[in-house]
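sequence plus the predicted model coming up.
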Amino acid sequence: MNAMSIHAALNHVTHYKYDRPVTLGPQVVRLRPAPHSRSKVVSYSLRVEPAKHFINWQQDPFANFQARLVFPEPATEFKVTVDLVVEMAVYNPFDFFLEPSADNFPFKYEAVVAEELAPYLQCEPLTPLVQEYLGRIDRRKRATIDFLVDLNQQVQRDVKYLIRMEPGVQTPEDTLKLASGSCRDSGWLLVQLLRRLGLAARFVSGYLIQLRPDVKALDGPSGTEVDFTDLHAWCEVYLPGAGWVGLDPTSGLLAGEGHIPLACTPQPSGAAPIEGLVDEAEVEFSHHMQVTRIHESPRVTRPYTEEQWAEVLALGDAVDHQLQTEDVRLTMGGEPTFVGGAGPRRRGMEHRCARSHQARLRHRAGAQAARGIRRRRLPALRPGQVVSRRAAAALGAFDLLARRRPALLARPGPLRR
C-alpha cells in the first residue's frame, strides 16, 4: 500500500427492466479496468442478473478485458453491477523518457512500429472544418510534450463541455460546427487531429474518479466539492519510449490517478461499456454510480484527526507506565568534546584533561585504575570537518595483556590515519 494513498470503492449499477419476457442475445460487457491502468486496482467483482447465465472472460484484439454473457432463458430484466476498489495514489503523468528520435515534434515512427500502429493511424475523410482547424495548429518544431500539452488545451478551450444524452459519438466536423460536445465527442476529435498530424492515437472509455481536495487551490479552480465518479472518455497517444499517454481534452490535462481505463480501441464503437441485442420491448433504464473512501493514509494536507492523536498519546502513556513498572530507566548518552588551540598548547590541554580523567578513575576505582594508560587517538570526523581533531584519553587498566607486554602499545609520535 502506498503510504500516501486513498482507497476508493466504486459501485456502478446498470439496470434494464422490460415490460415482458425478452430473449437476450449475447451481451459483451467492457467494465473491467484495462491491463495498463496506472492506478492499482485492489479488488474487482462483476455481478450479473438474471443469475442463470454463462460468462466467458476474454481479451479483444486490443488486449481489453471483456465478459461475454449468454442467457439460455427469456428474462424480464438485465442488471450489471460492478464493485471495485482502487488505490488513488498521486503520480506524475510526465514521469517518462522519450526516445531521442521522438523528443521533438514532428517525428516519424520506425517502420516496424508504424506497421504495428496502423489501426491507430487511420483517418476519417477530411472535412472543411477539420481542415481549417488543422491549419490553426502550431506545427513549429518544439518539444513533443509541449506540443501535446498545447494541443490538448486548445481543444479544451474551443469545445464547450456539455452532458449529451443522445447515443453515439459526434463526428469531428459536427463537434467543431457546434463548438460543443460531451467527453466522448472531444476525445474523438482529438484522436482524429493527432492522426492527421502523424501521431498514433486511440479512443478510451473508462471511469473518472474525482475526490474532494483536502485544501483549496491558491490559484485556479479547486476541483469538485464532493467525491464524484462517472463514466468518461478521453484520448491516448503513442510516444516511443513512453508508450500510451493519456490526454483528457475535457479538462485540458494529462490523465491522472483518477482516470481508470476500461477499453481502448481505434474506433469509439469498440469501447461501448455494454453491447448486445435484445427483443423489441418497452424498457425502463436506470443507472447508478457512487464512490466511497474506505481507507485514508495520513498525509501532509490531512494529518491525524484529534481522535487518532488521542489514541497515539494513550499508547505512549501505556508504554511509559510499563517502563516505570519494570523499573526501566532511560538515559541519553553523549561524548564530551574539548576544543583547544593548535600546536604544543593544544597538546598540553589534551594531556591535562587525560591526566585529570585518570585521577578521577583512580579515585573511583582504586589502585587498579592507577595503573591505567593514556592514549592518543584520531577520533571520527564530524560532518563538515576537513582535518580530524586529535584527542587524548585515559583508560583504566582493564587489558592485562597490554599492561604486561608494553611492546604492544604504540610509541609516542605523530598521529596518522
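Structure received. Bear in mind the structure is a predicted one, so any value in this text is a computation, not a measurement.

from residue 195, how far out is residue 303?
With the distance defined as Cβ to Cβ, to the nearest Å, residue 303 ends up 47 Å from residue 195. Just so you know, the C-beta spots here come from the backbone N, C-alpha and C atoms, and that holds for glycine as well.

give me the more crowded residue out of these two.
Per other Cβ atoms under 10 Å, whichever of residue 303 and residue 195 has more neighbours is residue 195, with 19 against 10.

report the secondary structure state of the more buried one.
When the structure is reduced to helix, strand and coil (DSSP: H, G, I helix; E, B strand; the rest coil), residue 195 reads as helix.

that one is in contact with residue 123, isn't it?
Yes: distance between residue 195 and residue 123: 4.8 Å, which falls inside the contact criterion (Cβ atoms under 8 Å).

hmm, residue 175 is touching residue 186, no?
Yes: assessed by Cβ under 8 Å, residue 175 is found in contact with residue 186 at 6.7 Å.

torsion angles phi and psi at residue 192?
Backbone dihedrals for residue 192, given as degrees, to the nearest 10, come out at phi -70, psi -40.

mind giving me the domain split of this structure?
Here the domain assignment for the chain is 90-270, 344-378+389-407, based on automatic domain parsing.

reformat those as CSV; add mean pLDDT and distance to residue 296.
Written out in CSV, the entries for those read as follows (pLDDT from 0 to 100; distance: least, Cβ to Cβ, whole Å):
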stretch, mean pLDDT, distance to residue 296
domain 90-270, 94, 10
domain 344-378+389-407, 56, 50
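
looking at these, which is buried most?
Sort the domains of the chain by mean neighbour count, taking mean count of other Cβ atoms under 10 Å, and domain 90-270 sits at the top with a mean of 17.

need the helices for the chain, in chain order.
Along the chain, the segments classed as helices by DSSP state H run 111-116, 128-135, 144-158, 172-178, 183-196, 306-325, 344-365, 367-370, 400-404.

what about the second one, distance to the chain center?
Which is helix 128-135. Once both centres are worked out by Cα atoms, centre = their mean, to the nearest Å, helix 128-135 turns out to sit 37 Å from its chain's centre.

return the list of helices and strands in contact with it.
In terms of contacts (3 or more Cβ pairs under 8 Å, 6 or more residues apart in numbering; DSSP states H and E), helix 128-135 is packed against helix 172-178, helix 183-196.

quick one, the last one and helix 144-158 angle?
It refers to helix 183-196. Compare the direction of helix 183-196 with that of helix 144-158 by axes from the mean of the first three to the mean of the last three Cα atoms, to 10 degrees and you get 140 degrees.

ok, and what's touching helix 183-196?
Taking contacts as Cβ atoms under 8 Å, 6 or more residues apart in numbering, the residues outside helix 183-196 that touch it are 120-124, 126, 130, 133-134, 137, 151-152, 155-156, 159, 161, 164, 169-170, 172, 174-176, 181, 200-205, 232-235, 237, 247-250, 268.

give me the angle between that helix and helix 128-135.
Counting by the same axes, to 10 degrees, helix 183-196 lies at 60 degrees to helix 128-135.

okay, helix 183-196 in CSV with CA atoms only?
Included here for helix 183-196 are C-alpha records, laid out as CSV according to Å, rounded to 0.1, in the frame of the first residue of the first chain:
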residue,chain,number,x,y,z
CYS,A,183,-16.3,14.0,-23.3
ARG,A,184,-16.6,11.3,-26.0
ASP,A,185,-17.0,13.9,-28.7
SER,A,186,-14.0,16.0,-27.7
GLY,A,187,-12.0,12.8,-27.1
TRP,A,188,-12.7,11.5,-30.7
LEU,A,189,-12.0,14.9,-32.2
LEU,A,190,-8.5,14.9,-30.5
VAL,A,191,-7.9,11.4,-31.8
GLN,A,192,-8.6,12.4,-35.4
LEU,A,193,-6.4,15.6,-35.1
LEU,A,194,-3.5,13.6,-33.7
ARG,A,195,-3.7,11.1,-36.5
ARG,A,196,-3.8,13.8,-39.1
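
re earlier: joint contacts of residue 175 and residue 186?
With contacts taken as Cβ under 8 Å, 6+ apart, the residues that reach both residue 175 and residue 186 are residue 159.

mind listing what's buried in the longest strand belonging to the chain?
Secondary structure of the chain read by DSSP state E shows that its longest strand is strand 6-22. Neighbour-count burial for strand 6-22, with 16 or more other Cβ atoms under 10 Å as criterion, is recorded at 6-10, 12, 14, 16, 18, 22.

of those residues, which is the nearest to residue 215?
Taking Cβ to Cβ as the measure, residue 215 sits nearest to residue 6 out of these, at 14.8 Å.

can you name the residues bridging to that closest one?
residue 88, residue 296 (DSSP bridges).

what of residue 201?
When bridges are taken as DSSP bridges, the partners of residue 201 come out as residue 237.
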